[in-house]
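> Please find the sequence and the predicted model below.
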Amino acid sequence: MVFGGQAPGGDTANTEDWNGSAWTEVANLAQTNKEQGGMGNRVAALSVGGWIGSVGAVVYEWDWTATLGTGAWASGGTLNNTGRFAATFGTQTASLIGSRRTSPSASSNTSEEYDGSSWTEGSDQNTARGYGAGFGTQTAGVAVGGSGPDDECEEYDGTNWTESGDLNTARYFGSNGATGTQTAGLAIGGNSTGKTGETETYDGSTWSETHDLNTSRSHNASGGGGSQTAALSIGGSSPSIVAIVESWDGSSWTEITDCNTARIGHGGFGTQTSALTYGGETPSMTTNTEEWDGTTWTEVANLATARQGLGSSGATAQLGVAAGGNPASANSTDATEEWTQAQNIKVIAD
């Protein structure tokens, strides 16, 4: 975690958190501060002294786990092209949504980038498809699998799409069945000739089969902040709609606490120990949102629009994006909602 300092526009209170693959802006210092001392880690840290217009004796304590506020969804920028079940990756302020389903029988190869307020059309993917899965960052991401089923894998460098190594098992996912980075990814379950539990790892060029899920399923959700050695698989179709959650440790899957609402086609972002899942079909469309703290699922503030097939981006459970999808009233939507759960910093000495 980094905080304060001098930026091109002057002294700053800005705070950013690093989760191992991406930087995310979190709660700022109470005032601009530079040349201070820093100690601790991303969960518990101190900012000591510094320059706050004069030499200051102020000390700030950062407590990630104990100071989370109540999360809420808010409207974001609308997509240029409606769609559902799109490979999506990135963060709340730097996201990409790729090739997507535009009707029950048609797909588009368009992609769009999000800057935290608006979507801008980018380069087209090489292959039009829906039901792919995505992982990585806006400038180093991967879209894999899709309707067909499809085994193709494409990498994005922030400008162009390039074909990479194919999956061993062609499959379609439900847009949220993968996680990790462009050089260390994980594809989880899906639908091939039937529901599959097959899990594959990606090293930046080649996919390798590893241990299967305990329960084969498609239309499950993972988390954008997960990794090749620490991930979740949440809910899905087995073919019945299930609330099963499994945790990945890099070598095997272990069934853990079920989420409260069984669902398919839902969204998800965050990490193995701090995640959010939302929306989906139960079989009716739902706005329901649940938060995972590593032990328990808790219902929190709901989406504004009930839908399935949402594109999901978010490295942490505190900041994320849900884009597009299939609401009950329409084939697909261009709506975007942003999830924000604030962290607070308290002054412990002056």
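That came through, no problem. Residues are numbered from 1 along each chain as shown.
> For stretch 108-119, give me every contacting residue.
Residues outside stretch 108-119 that contact it (C-beta atoms under 8 Å, 6 or more residues apart in numbering) are 76-81, 83, 90, 92-100, 102, 120-129, 138, 156, 161, 313, 321, 323, 336. C-beta here means a position set from N, CA and C on the backbone, and glycine is covered the same way.
> how does it look with 6 Å?
Contact with stretch 108-119 is made by 77, 79-81, 93, 95-100, 102, 120-122, 124-125, 128, as judged by C-beta atoms under 6 Å, 6 or more residues apart in numbering.
> For it, which residues meet the burial criterion?
108-114, 119 (16 or more other C-beta atoms under 10 Å).
> Which members of those are positioned in strands?
108, 112-114, 119 (DSSP state E).
> so Ala178 sits right up against Ala184, yeah?
No. The criterion here is C-beta atoms under 6 Å, and Ala178 misses it with Ala184 at 11.7 Å.
> how much space between Thr206 and Glu337?
Separation of Thr206 from Glu337 (C-beta to C-beta, to the nearest Å): 36 Å.
> Tell me which of these two has more neighbours.
In this view Thr206 and Glu337 are compared by other C-beta atoms under 10 Å, and Glu337 has more residues nearby, 23 against 13.
> Show me what that one bridges to in the sheet.
For Glu337, the beta-bridge partners are Ser75, Ala322 (DSSP bridges).
> Could you shift the numbering so residue one becomes 875, and keep it that way?
Done: numbering now begins at 875, and the last item shifts to Glu1211.
> rewinding a little: so among the contacts of stretch 982-993, which ones count as buried?
Buried among the contacts of stretch 982-993 (16+ other C-beta under 10 Å): 951, 953, 955, 967, 969-974, 976, 996, 999, 1002.
> got these as TSV, with distance to Thr1163 columns?
As requested, the buried ones among the contacts of stretch 982-993 are exported to TSV (distance: C-beta to C-beta, whole Å):
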residue	distance to Thr1163
Gly951	20
Leu953	20
Asn955	25
Thr967	20
Ser969	18
Leu970	23
Ile971	20
Gly972	24
Ser973	26
Arg974	22
Thr976	26
Gly996	29
Gln999	29
Ala1002	31
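> Out of those, flag the one nearest to Gly1048.
Arg974 (12.2 Å; C-beta to C-beta).
> right, and that closest one touches Gly957 too?
Yes. Between Arg974 and Gly957 there is a contact at 3.1 Å, judged by C-beta under 6 Å.
> show me the contacts for Ser1126.
Contacts of Ser1126 by C-beta under 6 Å, 6+ apart are His1085.
> Could I get the buried ones among the contacts of stretch 982-993 in TSV, plus columns for secondary structure?
What follows is the buried ones among the contacts of stretch 982-993, written out as TSV (DSSP: H, G, I helix; E, B strand; the rest coil):
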residue	secondary structure
Gly951	coil
Leu953	coil
Asn955	coil
Thr967	coil
Ser969	strand
Leu970	strand
Ile971	strand
Gly972	coil
Ser973	coil
Arg974	strand
Thr976	strand
Gly996	coil
Gln999	coil
Ala1002	coil
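> what kind of secondary structure is Tyr1005 in?
From three-state DSSP, the assignment for Tyr1005 is coil.
> And the protein, what are its domain boundaries?
Domain assignment for the chain, taken from automatic domain parsing, gives 876-941, 946-1214.
> Could you dump those domains into JSON lines with mean pLDDT added?
As requested, the domains of the chain are arranged in JSON lines below (pLDDT from 0 to 100):
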{"stretch": "domain 876-941", "mean pLDDT": "81"}
{"stretch": "domain 946-1214", "mean pLDDT": "95"}
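> Just name the most buried of those domains.
Ranked by average neighbour count under the criterion mean count of other C-beta atoms under 10 Å, the domains of the chain are headed by domain 946-1214 at a mean of 22.
> Would you map the strands across the stretch 975-1124 of the chain?
980-982, 986-988, 993-995, 1007-1011, 1014-1018, 1027-1030, 1035-1037, 1052-1055, 1058-1065, 1069-1076, 1081-1083, 1105-1111, 1115-1122 (DSSP state E, counting those that start in this stretch).
> what pairs with the first one, and is each one parallel or antiparallel?
According to DSSP bridges, strand 980-982 forms sheet pairs with strand 974-977 (antiparallel).
> Any chance you could list what contacts the partner strand?
For strand 974-977, the surrounding residues in contact (C-beta under 6 Å, 6+ apart) are 957-960, 981-982, 1004, 1205.
> Now do stretch 1140-1150: distance from first to last residue.
10 Å (C-alpha to C-alpha, to the nearest Å).
> Can you pull out the residues in contact with it?
With contact meaning C-beta under 6 Å, 6+ apart, stretch 1140-1150 is reached by 1050, 1095-1100, 1104-1106, 1108, 1151-1154, 1165-1166, 1168, 1184, 1186, 1188, 1190-1191, 1194, 1196.
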